[in-house]
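Enquirer: Got a predicted model here, sequence first, then my questions.
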Amino acid sequence: MRIQRFCFVVTIALMLPSRVLAQGVASGDLHITVIDPQGQAVTNATVVARDQAKGVERAASSSGTGEYDLVALPPSSYTVTVNAAGFAASTVQDVAVTVGGSANLPITLAIQGTK
């Protein structure tokens, strides 16, 4: 009887951490690629995502290759705005971020003063 109880307690103790860790943070990621009309990477852009429901903004970090990442965003719909010197600003609305998801958003910036 003692051995059965001991085995039961050990089994529960081993299962508990996996259950706790499986309940991780509910978030998703957004990866933005910014290029110019010729397909060249725009590395000096400012990329901001605004949660449409809460109004909270997050700036993206850059890899230096025209790719910008926003990780661990709460699930919501976002408005993404991209600005870079010499280019017209670009805004994309209703970008969905889901729990555990990884959304990719390619953006081509127009040269300032052109459409």
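Expert: That came through, no problem. Numbering: from 1, shown residues only.
Enquirer: give me the low-pLDDT residue ranges for this structure?
Expert: Along the chain, the parts satisfying pLDDT under 70 run over 1-25, 114-115.
Enquirer: Tell me which stretches of it form strands.
Expert: 28-35, 46-51, 57-59, 61-62, 67-73, 76-83, 90-97, 102-108 (DSSP state E).
Enquirer: Redo the ones you listed as a markdown table? Include mean neighbour count.
Expert: Yep, even glycine has a C-beta here, placed from its N, CA and C like the rest. As requested, the strands of the chain are arranged in a markdown table below (neighbours: other C-beta atoms under 10 Å):
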| stretch | mean neighbour count |
| --- | --- |
| strand 28-35 | 19 |
| strand 46-51 | 20 |
| strand 57-59 | 13 |
| strand 61-62 | 15 |
| strand 67-73 | 18 |
| strand 76-83 | 19 |
| strand 90-97 | 14 |
| strand 102-108 | 14 |
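Enquirer: so residue 80 bridges to which residues?
Expert: residue 49, residue 92 (DSSP bridges).
Enquirer: Could you pull up the contacting residues of it?
Expert: Residues near residue 80 by C-beta atoms under 8 Å, 6 or more residues apart in numbering: 30, 32, 47-50, 91-92, 95, 105, 107.
Enquirer: let's go with 10 Å and repeat that
Expert: Contact criterion C-beta atoms under 10 Å, 6 or more residues apart in numbering gives 30, 32, 47-50, 60, 68, 70, 90-95, 103, 105, 107 as the residues in contact with residue 80.
Enquirer: what do you get for residue 61?
Expert: Applying C-beta under 10 Å, 6+ apart to residue 61 gives the contacts 47, 67-71.
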